[in-house]
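**Q** Would you be able to build a 3D model of this:
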Amino acid sequence: MSNDLKEFESRMKGAIENLDDEYNAIRAGRANPNILDKIKVDYYGQPTPIQQVGNVSVPEPRVIMIQPWDSSILKDIEKAINISDIGLSPSNDGKAIRLVFPELTEERRKDIAKDVKKIGENSKVAIRNIRRDANDYFKKLNKDNEITEDDLRAMEDAVQKLTDKYIEVIDNRIEAKSKEILTV
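**A** As a prediction, this is how the structure comes out:
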């Protein structure tokens, strides 16, 4: 029975990982190489992540520098960034590409912080849906006489403790990301 609980906990951890991925893609006025994670470059006919075709570094707090190992693909990297939705214009100096993050206005920071909260709330909904699925599963086991009423109550308590734990993790992530964004 605890294996069943582990499966639901694994799904909750997946929801947290998804939240982290979404938060990593948010541009907060500081250079974060993770915003390039979803961008692929056409490298010898293969869509390849930017991190695999060159060195990605953050030489200054608001600059990402991409130095490809093969300078012939600078134009391809530039094109991939331009057609992506990250909202930055690459500057190509012939050896490397620089992405300069503009300073965010206070209004824009507040909008991003609202988005952070909304994404976090969606993750909480996902956790609660997993809780509902778990409770339904254990109620069905009880109905089929595979577990007792006491076992059912114990499992529902365990599921609620897991839910509370992961909701708290999400709240902490929301607070940390909002603070990062609102800090000038």
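
**Q** which residues touch the residue located most distally from the centre of the chain?
**A** The outermost residue of the chain relative to its centre, with distances by C-alpha atoms, centre = their mean, is residue 145 at 40.7 Å. Not one residue lies near residue 145 by C-beta atoms under 8 Å, 6 or more residues apart in numbering. C-betas here are computed from N, CA, C, even on glycine.

**Q** Which secondary structure state is assigned to it?
**A** Of the three states, residue 145 takes coil under DSSP: H, G, I helix; E, B strand; the rest coil.

**Q** Look up phi and psi at it.
**A** phi 60, psi 30 (degrees, to the nearest 10).

**Q** That one and residue 133, how far apart?
**A** Look at residue 145 and residue 133: by C-beta to C-beta, to the nearest Å, they are 21 Å apart.

**Q** Please apply the same query to residue 76.
**A** In terms of C-beta to C-beta, residue 76 sits 44 Å off from residue 133.

**Q** Between those two, tell me which one has more neighbours.
**A** residue 76 (17 against 14; other C-beta atoms under 10 Å).

**Q** which residues in the protein form strands?
**A** With DSSP state E, the ranges of strands along the chain come out as 40-43, 46-49, 54-60, 63-68, 90-92, 97-100.
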